[in-house]
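S.K.: Mind folding the following:
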Amino acid sequence: MTAMNDAQAMSVYDAHAPLLIALGLCPLPIEPGTKRPALYTGGGYAPMVNWTTRPPITAPQPGAGIGVRLGDVLVALDIDTDDAAIGCALIDGVLPSPGLRTVTKAGKRGQTLFFRVAEGQRVPSKRFKVNAVIVAELLSLGKQTVLPPTVHPDTHLPYVWGNGMTLYNTDISTLPELPADAVERIEAALAPFGYKREEEAVFAEGGEDSPFKQFNNYAQDRIDEWVPALGLHKCSRSRGRFGGWQAVAHWRPSTTGRPLEQRNPNLKIGRKIIFDHGAGQGYSPLDLVMAALAVDFDIAFKWLDEKTGWSKAGPSVDFEALAGANKPEKAPEESPPKYRFKLVAFSAMRPGLEQLYLVDELIPVAGLVDIWGKAKCFKSFWTLDLMFHVAMGKEYRDRSVQQGTVVYCAFEGAH
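M.R.: Next up is the predicted model:
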């Protein structure tokens, strides 16, 4: 086989896309080393900006992984946490009946469950946070998910199917139907863990004539007047054709676990759109100011109005009154009692979803480990060697290792 033939060898996408198409699904080629839909152009990959509407790609996609478009007939619940209690609560809460199975897949953490959509049902995508961290996401309209055996860009290991069932050999009509009250079920399952519904401002749904829509458009046309003043981390001019800014969305945790200094500036702020590519989330100017400065709507509006001078140049509108009228009413906040430890009934216990060992059968993922030995027997040296394997994700003496960040604290010695 020639070098050219090697480069054009059947990819994960080429091998599995026909199976999804036959089942009535829309496969998406995934650019190698990423989780982004992209199209092979002959000399490389170009982002697929219209993947939410275009028909399935049947041309060869060298080296590409595979994803599937969601929202049409298939939706997914992405459990994005290794907290076994949260994962089990979500599974028990969303599956229509106890003991029912569905297709699942796993990647870096948690797992993803697939459901079919009732005919004519339009399910919006939604994220769910506990303590400001996303723990679950309902993936539907406008979303896609990467499928096995595509290689995960962070772990460099293939995604895997969870229980022997796959989307490639399962009739979609046999999947459990997503309950009509799925959002309420998810919220109820997360409530014991501190979940609180994030109210959505009414003005965000306004039409083109809405004063808030006009204000956001006005601010977005003048991003140079206020974006630098936000103090965003790594804020700089983007290299885009139409100008704009790029920065790190410091108010959310890294999706790859990187510290702030090592994160890429995935937040793109342009005159047409503001989008965080790391989290797949769009913002209006007001939303961005509220997130970046950690302020409420009133303060964000006044700050942005001061930077752009809109109320002086715009129509005569009482925005103070509008702000109060359009903000959702908040229920009185009750401070629930906080307990350091949570008791779980034996009947409520479920098998854990997480990997049990940091180093297989040697160091657990959660717990305390005592390394004991007589003086000068190289305990510290052995510990450092072991933890370097964890930090690098390398197998340790034929034992599998779960890669992660290691913090070494030396509390002995004078200096």
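
S.K.: Which element, helix or strand, includes the closest residue to G231 other than its chain neighbours?
M.R.: Leaving aside its sequence neighbours, G231 sits nearest to A292 (C-beta to C-beta, 6 or more residues apart in numbering; 7.7 Å). (Each C-beta comes from the backbone N, C-alpha and C, glycine too.) Per DSSP states H and E: A292 is located in helix 285-293.

S.K.: picking that back up, residues touching the residue nearest to G231, list them.
M.R.: 230-232, 250-251 (C-beta atoms under 8 Å, 6 or more residues apart in numbering).

S.K.: Let's see the pLDDT reported for it.
M.R.: With respect to pLDDT, A292 has a value of 86.

S.K.: how close does it get to N131?
M.R.: Using C-beta to C-beta, to the nearest Å, A292 is found at 20 Å from N131.

S.K.: can you check V359 too?
M.R.: 29 Å.

S.K.: who has more neighbours, the two?
M.R.: Neighbours were counted for V359 and for N131 using other C-beta atoms under 10 Å; V359 has more, 20 against 9.

S.K.: May I have the residues that are in contact with that one?
M.R.: 386, 389-390, 396, 399-402.

S.K.: can you do 10 Å?
M.R.: 365, 369, 386-387, 389-390, 395-397, 399-402 (C-beta atoms under 10 Å, 6 or more residues apart in numbering).

S.K.: Now a ChimeraX select for only the buried ones of those.
M.R.: Command for ChimeraX that selects the buried part of these, burial taken from 16 or more other C-beta atoms under 10 Å:
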select :386,387,389,390,396,401,402
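
S.K.: Going by distance to P192, which of the contacts of V359 wins?
M.R.: V365 (22.2 Å; C-beta to C-beta).

S.K.: Just want the phi and psi numbers for the closest one.
M.R.: V365 has phi and psi values of phi -60, psi -40 when expressed as degrees, to the nearest 10.

S.K.: Quick check, it in contact with Y357.
M.R.: Yes. Checked against C-beta atoms under 10 Å, the pair V365 and Y357 is within contact range at 6.3 Å.

S.K.: Identify the contacts common to those two.
M.R.: Contacts common to V365 and Y357, judged by C-beta under 10 Å, 6+ apart, are Q402.

S.K.: which residues touch the residue nearest to H233 when sequence neighbours are not counted?
M.R.: Take H233 and drop its neighbours on the chain: the residue closest to it by C-beta to C-beta, 6+ apart is V248, 4.2 Å away. Going by C-beta under 10 Å, 6+ apart, V248 touches 232-235, 254, 258, 260-267, 276, 278.

S.K.: follow-up on the earlier one: can you list the contacts of V359 in TSV and add pLDDT?
M.R.: Shown next, in TSV, are the contacts of V359 (pLDDT from 0 to 100):
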residue	pLDDT
V365	83
V369	91
L386	94
M387	93
H389	94
V390	92
E395	91
Y396	92
R397	91
R399	86
S400	86
V401	87
Q402	85
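
S.K.: thinking again about what came up before, mind picking the two most distant members of the contacts of A292?
M.R.: Longest span within the contacts of A292, C-beta to C-beta: G231 and W251, 11.8 Å.

S.K.: Quickly list what's touching both of these two.
M.R.: Shared contacts of G231 and W251 (C-beta under 10 Å, 6+ apart): 292-293.

S.K.: ok, which stretches of this protein are helices?
M.R.: 3-7, 12-22, 84-94, 182-190, 211-220, 285-293, 297-308, 310-313, 319-326, 379-392 (DSSP state H).

S.K.: Can you say which of those helices is nearest to D171?
M.R.: helix 12-22 (10.5 Å).

S.K.: in the closest one, what counts as buried?
M.R.: 12-14, 16-17, 20.

S.K.: In terms of distance to H152, which of those ranks first?
M.R.: Using C-beta to C-beta, these come closest to H152 at V12, 12.3 Å.

S.K.: Can you give me the distance of the closest one to A291?
M.R.: 36 Å.

S.K.: Okay, now the unreliable bits of the protein?
M.R.: By pLDDT under 70, the low-scoring segments of the chain are 1-8, 49, 98, 198-212, 239-243, 313-339, 352-355, 413-415.

S.K.: I'd like the distance from S254 to V248, if you could.
M.R.: 9 Å.

S.K.: can you tell me which residues contact the residue nearest to the spatial centre of the chain?
M.R.: Nearest to the mean C-alpha position of the chain, by C-alpha atoms, centre = their mean, lies A279 at 5.3 Å. Residues near A279 by C-beta under 10 Å, 6+ apart: 127, 134, 249, 252-255, 266-267.
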